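**Student:** pasting the sequence and the predicted coordinates here, then a few questions.
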Amino acid sequence: MPHDGLVHVALFASGIVAGVLNVLAGGGSFLTLPLLILMGLPATTANGTNRVGILFQNVGAVWSFRRHGLVETRSIITAAIPATVGAILGTLAALWIDDEAFKRILAFLMIAVTLWTLWDPLRPRSGASGPRPESRAGLVAAGFFLAGIYGGFVQAGVGFMLLAVTTLAGHDLVRGNALKVSCVLVFTPISLAIFHWNGQVAWLPGLVLGSGTILGGLLGVKLAVLKGHRWLKVFVTITVVVLALKLWFSS
C-alpha cells in the first residue's frame with residue numbers, strides 16, 4: 001500500500017466522515033473499509049486495520065457522551081457481555097475466510113444495509129406496540145450477541161444493528177447511540193488484538209485513519225445530541241453504493 005501524502009489525506013478525511021456517521025447511527029466503515037482495500041491492502045488486513053479507527057473514534061465518542069451524562073454503566077455491562085462473546089466468534093470467522101470471498105460479502109452488505117437504512121427502520125411508527133422492555137431481556141441479549149458476531153466479522157454497519165437492539169431495549173436514539181458506542185468500545189480492542197496477533201493490522205494507515213475518526217466521533221456526538229444528522233443521508237447513500245459497485249467488480 002503506498003504511503004504517500006495523498007493517501008494519508010484521503011484516509012484522514014474519510015476517517016472524519018466515518019466517525020460522524022458511526023456515532024450518529026452506523027455505516028462509516030462502509031466508506032473506510034473499501035477505501036483501505038482499494039488503496040492496496042489485502043481484504044483481511046484492511047478489516048483488521050479499520051478497527052484502529054473504530055477504537056479511536058469510540059474513545060472520543062464515549063468520553064463526549066459521558067460529559068453529557070448519557071453513559072449508563074449498568075446498561076453497558078448488560079450489552080457488552082453478549083456482544084463481546086459474539087465479537088470474538090465473528091473475528092475468528094473473518095480470519096478464516098479468504099480475501100476474495102470477503103470482498104464479495106462486503107460489497108453485498110454495503111448495498112443491503114444501505115437500502116435497509118433508506119427505509120429507516122428505527123423511526124417510530126404509528127400504532128406500534130409490543131411487550132415492555134423489561135420483558136424482552138432474553139431477546140435483547142440475543143440481539144447484542146448476534147450484533148457482536150457481525151461486528152467482529154466485518155464491523156461495517158454494526159451500528160445500525162446495535163441501534164435496533166437498543167431501541168428494542170427501550171432506549172431513545174440519543175441514549176441508544178451512547179450505549180452503542182460504549183458497547184463497541186468494549187469489544188473492539190479485543191477484536192483488534194486478535195487481528196494484530198494474526199498479523200492482519202497495518203498500523204500506519206490505521207493510525208492516520210484513527211486520527212480522523214476521533215475528530216469525527218466528537219463531532220458526531222454534538223450532532224447526535226442536537227439531532228441534526230439527516231442532511232448526510234443522500235451523500236452517504238450515493239458514496240456507499242458507488243464504492244460497493246467498484247469493490248464488487250474489482251473482485
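**Tutor:** That came in fine, so what should we check first?

**Student:** contacting residues around the one helix or strand residue 91 maps to?
**Tutor:** Applying DSSP states H and E as the criterion places residue 91 in helix 73-96. With contacts defined as Cβ atoms under 8 Å, 6 or more residues apart in numbering, helix 73-96 is touched by 44, 47, 102, 140-142, 144-154, 162, 165-166, 169, 171, 179, 182-183, 186-188, 190-191, 194-195, 198, 200. To be clear about C-beta, it is placed using only N, CA and C from the backbone, and glycine gets the same treatment.

**Student:** can you rerun that using 6 Å?
**Tutor:** For helix 73-96, contacts defined as Cβ atoms under 6 Å, 6 or more residues apart in numbering pick out 47, 141, 144-145, 147-149, 151-153, 179, 182-183, 186-187, 191, 194, 198.

**Student:** filter these down to just the ones in helices.
**Tutor:** Among the contacts of helix 73-96, the members found in helices (DSSP state H) are 47, 141, 144-145, 147-149, 151-153, 179, 182-183, 186-187, 191, 194.

**Student:** any buried residues in the helix holding residue 91, and which?
**Tutor:** For helix 73-96, a neighbour-count test (16 or more other Cβ atoms under 10 Å) marks 75-76, 78-88, 90-91, 94-95 as buried.

**Student:** returning to that earlier point: of the contacts of helix 73-96, just the buried ones, PyMOL syntax please.
**Tutor:** Listed next is the PyMOL selection for buried residues among the contacts of helix 73-96, using 16+ other Cβ under 10 Å:
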select buried, resi 47+141+144+145+147+148+149+151+152+153+179+182+183+186+187+191+194
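
**Student:** for the stretch 101-250 of the chain, what spans make up the helices?
**Tutor:** 137-153, 158-168, 173-197, 203-226, 233-250 (DSSP state H, counting those that start in this stretch).

**Student:** mind putting those helices into CSV with mean pLDDT?
**Tutor:** CSV is the format used below for these (pLDDT from 0 to 100):
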stretch, mean pLDDT
helix 137-153, 90
helix 158-168, 82
helix 173-197, 90
helix 203-226, 82
helix 233-250, 58
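
**Student:** export these to TSV and tack on distance to residue 56?
**Tutor:** Converted to TSV, the helices of the stretch 101-250 of the chain look like this (distance: least, Cβ to Cβ, whole Å):
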stretch	distance to residue 56
helix 137-153	16
helix 158-168	16
helix 173-197	10
helix 203-226	3
helix 233-250	20
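
**Student:** among those, which comes closest to residue 58?
**Tutor:** helix 173-197 (4.0 Å; Cβ to Cβ).

**Student:** show me what the closest one is packed against.
**Tutor:** helix 43-67, helix 73-96, helix 158-168 (3 or more Cβ pairs under 6 Å, 6 or more residues apart in numbering; DSSP states H and E).

**Student:** in a markdown table, list the ones you listed along with distance to residue 27.
**Tutor:** Output for the helices and strands packed on helix 173-197, formatted as a markdown table (distance: least, Cβ to Cβ, whole Å):
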| stretch | distance to residue 27 |
| --- | --- |
| helix 43-67 | 12 |
| helix 73-96 | 17 |
| helix 158-168 | 7 |
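
**Student:** least confident of those, on average?
**Tutor:** Lowest mean pLDDT within those: helix 158-168, a mean of 82.

**Student:** got the angle between that one and helix 137-153?
**Tutor:** 170 degrees (axes from the mean of the first three to the mean of the last three Cα atoms, to 10 degrees).
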